[in-house]
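Peer 1: build me a structure from this.
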Amino acid sequence: ILNECFSAWMDDVQVHGGTVLEFLGDGMLAVFGAPNDQPDHAFQAVSCLKAMVRTMERLNKSWDITGSSRFWKNKGISKLEFRAGIHTGMVVAGNLGSVSQMKYAVVGDAVNVAARLEQLNKKFGTTIAISGDTQILLPQSLKSWLTPKGHHFVKGREQAVEVFTHGETLSF
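Peer 2: Purely as a prediction, here's the structure:
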């Protein structure tokens, strides 16, 4: 099931010009604007998340038809969902590792803030959290898809981050 999600999400990321850097347990790190410049990175990243929401709806319907969903429905979970965080900012991008093993990676405050935004979804009961630094770059058509949640402190930051969200998660 998880590999099926990763495959579908990776397709969504690539269609929007993003790059999947790694799979982290049941999570995935994707970037827009690295390694190649992408002037509309914010638009593409949020459009990608809209596509991923549709992808999850399609996958959940498919699992209902095949009966795979019984594994979580028997535990009181009506459908599988994901959470995501998006932040716009400068990163250090490049090959990182040791003499014997390297990988392309991104590090920096922007990466950390995106991870903290993903976690804020638990507090808000939402699926997608986007920083004000990303939201301000979006066209009105995507801004209207988001709900403002005010400014919130996140671990590792002295200043609060303006947060916008989309979607409601199911209660477990």
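
Peer 1: show me what the helix ranked longest in the chain is packed against.
Peer 2: Identified as the longest helix of the chain according to DSSP state H is helix 41-66. Where contact means 3 or more C-beta pairs under 8 Å, 6 or more residues apart in numbering; DSSP states H and E, helix 41-66 is packed against helix 2-15, strand 84-86, strand 128-131, helix 132-135, helix 140-143. (Glycine included, C-beta is placed from N, CA and C.)

Peer 1: remind me what the shortest one packs against, helices and strands.
Peer 2: Yep, that's strand 84-86 we're talking about. helix 41-66, helix 109-124, strand 128-131.

Peer 1: so what touches it?
Peer 2: 42, 45-46, 49, 52, 113-121, 127-131, 134 (C-beta atoms under 8 Å, 6 or more residues apart in numbering).

Peer 1: can you rerun that using 6 Å?
Peer 2: For strand 84-86, contacts defined as C-beta atoms under 6 Å, 6 or more residues apart in numbering pick out 45, 49, 114, 117-118, 128-130, 134.

Peer 1: the first one now?
Peer 2: When contacts are taken as C-beta under 6 Å, 6+ apart, the neighbours of helix 2-15 outside the stretch itself are 20, 23, 26, 30, 48, 51-52, 55.

Peer 1: could you rerun that using 10 Å?
Peer 2: 18-21, 23, 25-28, 30-32, 44-45, 47-56, 58-59, 62-63, 68, 80, 82, 84 (C-beta atoms under 10 Å, 6 or more residues apart in numbering).

Peer 1: quick one, what contacts the nearest residue to Lys50 once chain neighbours are set aside?
Peer 2: Counting by C-beta to C-beta, 6 or more residues apart in numbering, Trp145 is the residue found nearest to Lys50 once chain neighbours are left out, at 7.0 Å. Trp145 sits next to 46-47, 49-50, 53, 128, 130, 138, 164, 166-167 when contact means C-beta under 10 Å, 6+ apart.

Peer 1: repeat that for Val53.
Peer 2: With C-beta under 10 Å, 6+ apart, Val53 has these contacts: 12, 81-82, 84, 127-128, 145, 166-167.

Peer 1: just give me the closest of those to Ala160.
Peer 2: Using C-beta to C-beta, Ile128 is the member of the contacts of Val53 that sits closest to Ala160, with 19.0 Å.

Peer 1: need the nearest residue in space to that closest one, chain neighbours excluded.
Peer 2: Closest to Ile128 by C-beta to C-beta, 6+ apart is His166, at 4.2 Å.
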